[in-house]
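> give me coordinates for this.
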Amino acid sequence: METAEQPKMKQIHLNSLFWKLALSVLAGMILLSASLSWLNIRTSGQIFSEMFSASQRKIFGQIDERFYQLYLNLAEIANTVADDPAVQAYLAAEEMDGVKGQQQTWQMQSHIRRTNIRLHPNMTLFLAGANGRSYLYSHGDIVRVPFAELMEYPVTKKAREHPGQIFCKYMEYGFTDTMKNVPVIAVCRAISDGSSDTAGYLWLMIKESEIRAFYNCFLTGISDIVVFNQEGEVISTNNPRYRKRGDQELSRLLEVVAKARENRVYSAKEVRNGETVCYLVQQFTNSDFVIAGVVNARQTFYEAYGLYRNILMAVLAAGCVMVPVFILVRRQTRPVCRLVHSMREQKQLHFTGSVPVEGTDEIRELSRTYNEMIHDLNLYIRKVVETEQAKRTAELHALQMQIHPHYIYNTLAGIKWLILQGDAKQSAAVLDALIGLLRSTVSNTDAFITIRQEEQNLRNYIQVIQARYGNKIQAGFYIQPECMEAKIPKLALQPFVENAFFHAFPNGRRGTVNILVRRMGRRLLIEIEDDGIGMKKDCAGCVCTDGEAKGNHKEHFTGIGIRNVDERLKILYGPEYGVAMDSKPGRGTTVRVEIPYE
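Have a look, this model is predicted:
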């Protein structure tokens, strides 16, 4: 059972005009957007880098003010306390009685309270003397480190080596209960007893986080700030890697800081692995402390510029633009696509279709010209077909008249001989068969006849031949009833029967010729089989016209050859139809004729 053909999915042809134009526009937009974006990013990056450097200088200026104020307070507290006679006496005096000692302690405390230490509630002040006395400003706090260990601290050693100077160092942990678990900045100064001897030491401690608070609000997440003391040691930073000795980044930063000490403000740029790193170094006012900033300019720019967000917005904008562009291009190319599709389908439409005249002026003119061409071509094909049909009809009529006179003479002579023998009945039957054969082939001008009519013609032809040559060759007809009214071209089977009678059974051999007709779906299959001598495979295709086969018999009914029949069928029905032969020596020959069932 035949089913309707399923609709095919449309395929995308990238070589089509629409896709070439659309992809060209898309590629152009992408290239233009990329070029403008690259130029914009490059220009903006340079401007951003300059503006960022300027803003960093202002930021460093603000940090400088805060740090300088802290530095002044630390220096004022350290110097005021260290130079106070009451403090010196407290650290240098021997054992005193209770009243005098209390008076001395009260005086020392009064002098300390009058300093700026009251402005720093989280600052720790600790005094330790050579006489074994010590004093901790915060009464609720406790020193957890022995005096001997304090003497080994690097900041203490520096103060001992340089009496009268203040030294500042970073320490991972403080030495009191309140600061034992946090990083601190320790300030130390040696206290003299009025002579060249050291009476004791003063330590000030503040949390390192208080200094980081000066610049944390200015960090971008991909920038670093490092504060160095007068000896080039890190006392505060937001990045722990700068505290590691031997770190490559720290070594490079120390080189930049060394150059910066010659100038109060110093900046530098380096390109490493495709990334631009900016350095900005500034020395704090009236001190040897230095602050340094390290910034990855590209990452900072991308973060501030919102590069990926802007790219996404650009893609969305391009998509919004491409949709109407695609629609416009599609509307302009649709007429061309229809024209191409129509040209491709003309073979199936037999040159009867046309395309709508639409689109631009050029496409409309092309469509009109194409429609006119199809109309003229259709008229020409119709005229050629009519001419060919008339030509084939004339040829068929001429072939129908090609009954050899010698054949008629011999047939009439045979009938005369039957009459003389007194076989009037046989003579009349043969004469009737000849009359029917002549009426069907000469008088009937129809190009197509039914299987029933063709069977009668073959029976008449065989009866005439048997009357002349005897009954040594018998014929059998095996036709499906539903095939009796099927149409076939006239004289399509006679040449094969004729060839079997005159060439398959030489020298008076007996045999059988069978004609089989059956339907196979939408095709009609006709087979003419004989059990004669057969022929070689390479000779089967040569038996195509009368006179080509062995014997060159001159008694043939017509001049219509096997090749002629095959060509006629292919012209009428197409190249997939026609004649096929199969023969083997000694096993007979089979001729198959295949045409559409009508």
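
> report the contact partners of the closest residue to residue 150 other than its chain neighbours.
Nearest non-adjacent residue to residue 150, counting by C-beta to C-beta, 6 or more residues apart in numbering: residue 156, 5.9 Å away. In this view, the C-beta of every residue, glycine as well, is placed from N, C-alpha and C. By C-beta atoms under 8 Å, 6 or more residues apart in numbering, the residues touching residue 156 are 150, 188, 201, 203.

> host element of the third one?
When you say that, I think you mean residue 201. According to DSSP states H and E, residue 201 maps onto strand 198-207.

> gap between residue 575 and residue 567?
11 Å (C-beta to C-beta, to the nearest Å).

> in terms of packing, which of the two has more residues around it?
The residue with more neighbours, out of residue 575 and residue 567, is residue 567; 14 against 8, by other C-beta atoms under 10 Å.

> how about that one, secondary structure?
Secondary structure for residue 567, judged by DSSP: H, G, I helix; E, B strand; the rest coil, is helix.

> distance check, it against residue 578.
For residue 567, the distance to residue 578 - C-beta to C-beta - is 8 Å.

> show me the contacts for residue 579.
Contacts of residue 579 by C-beta under 8 Å, 6+ apart are 562, 565-566, 569, 591-593.

> report the lowest-confidence entry in those.
Least confident entry in these, by pLDDT: residue 562, with 76.

> so it makes contact with residue 498?
No: look at residue 562 against residue 498 with C-beta atoms under 8 Å: they stay out of range, at 9.7 Å.

> what lies in contact with stretch 241-260?
Stretch 241-260 is touched from outside by 170, 224, 226, 228, 232, 234, 237, 266, 268, 270, 279, 281-283, 290, 292, 294, with contacts defined as C-beta under 8 Å, 6+ apart.

> coming back round to it: how much space is there between the residue nearest to residue 150 and residue 172?
16 Å.

> next one: residue 479
115 Å.

> same deal with residue 82?
26 Å.

> among the two, which residue is more densely surrounded?
Under the criterion of other C-beta under 10 Å, the comparison of residue 82 against residue 172 puts residue 82 first, with 23 against 10.

> what sits against that one?
If you count contacts by C-beta under 8 Å, 6+ apart, then residue 82 has 189-192, 202 around it.

> hang on, residue 291 is in a helix, isn't it?
No: checked against three-state DSSP, residue 291 lies outside a helix; its state is strand.

> against residue 84, how distant is it?
In terms of C-beta to C-beta, residue 291 sits 32 Å off from residue 84.

> okay, the two: which has more neighbours?
Using other C-beta under 10 Å as the criterion, residue 291 and residue 84 rank with residue 291 on top: 23 against 19.

> which stretches of the stretch 401-550 of the chain form helices?
405-420, 424-438, 451-469, 494-503, 537-540 (DSSP state H, counting those that start in this stretch).

> what's the most buried one of these?
Burial of the helices of the stretch 401-550 of the chain is given as mean neighbour count (mean count of other C-beta atoms under 10 Å); helix 494-503 ranks first at a mean of 23.

> is it possible to get a markdown table of the helices of the stretch 401-550 of the chain that adds mean pLDDT?
Below are the helices of the stretch 401-550 of the chain laid out as a markdown table (pLDDT from 0 to 100):
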| stretch | mean pLDDT |
| --- | --- |
| helix 405-420 | 69 |
| helix 424-438 | 77 |
| helix 451-469 | 83 |
| helix 494-503 | 84 |
| helix 537-540 | 57 |
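
> closest one to residue 108 among these?
For residue 108, the closest of these is helix 537-540, at 134.9 Å, according to C-beta to C-beta.

> Three-state assignment for residue 21, please.
helix.

> ok, it to residue 331 distance?
Where residue 331 is concerned, residue 21 sits at a distance of 12 Å (C-beta to C-beta).

> compare these two (neighbour count), which wins?
A direct count of neighbours by other C-beta under 10 Å for residue 21 and residue 331 places residue 21 higher, at 17 against 12.

> which residue, other than its chain neighbours, is closest to the more buried one?
Leaving aside its chain neighbours, residue 21 sits nearest to residue 329 (4.9 Å; criterion: C-beta to C-beta, 6+ apart).

> if I read this right, the one you found contacts residue 26, doesn't it?
No: counting by C-beta under 8 Å, residue 329 stays clear of residue 26, with 10.1 Å between them.

> between those two, which one's more packed in?
Set side by side, residue 329 and residue 26 show more neighbours around residue 329, with 19 against 15, by other C-beta under 10 Å.

> what pLDDT does the more buried one get?
Value for residue 329, per-residue pLDDT: 73.

> quick check, it in a helix?
Yes: looking at residue 329 with three-state DSSP, it is inside a helix.

> what segments of the stretch 451-598 of the chain are strands?
Taking DSSP state E, counting those that start in this stretch as the test, the strands found in the stretch 451-598 of the chain are 473-479, 487-489, 511-520, 523-530, 578-584, 588-596.

> for the second one, name the packing helices and strands.
Right, strand 487-489. Contact analysis of strand 487-489 by 3 or more C-beta pairs under 8 Å, 6 or more residues apart in numbering; DSSP states H and E lists strand 448-450, helix 562-573 as its packing neighbours.

> wait, is residue 356 part of a helix?
No: secondary structure of residue 356 (three-state DSSP): coil, not part of a helix.

> following the helix or strand containing residue 313, which helix or strand shows up next?
Using DSSP H and E, residue 313 sits in helix 307-349. The helix or strand immediately downstream of helix 307-349 is helix 361-400, counting by DSSP H and E.

> quick one, that next one and helix 424-438 angle?
If you take axes from the mean of the first three to the mean of the last three C-alpha atoms, to 10 degrees, helix 361-400 sits at 160 degrees to helix 424-438.

> can you get me a residue count around the residue lying closest to residue 354 once chain neighbours are set aside?
Spatial nearest neighbour of residue 354, chain neighbours left out: residue 371 (4.6 Å); criterion: C-beta to C-beta, 6+ apart. Residue 371 sits with 17 neighbouring residues when counted by other C-beta under 10 Å.
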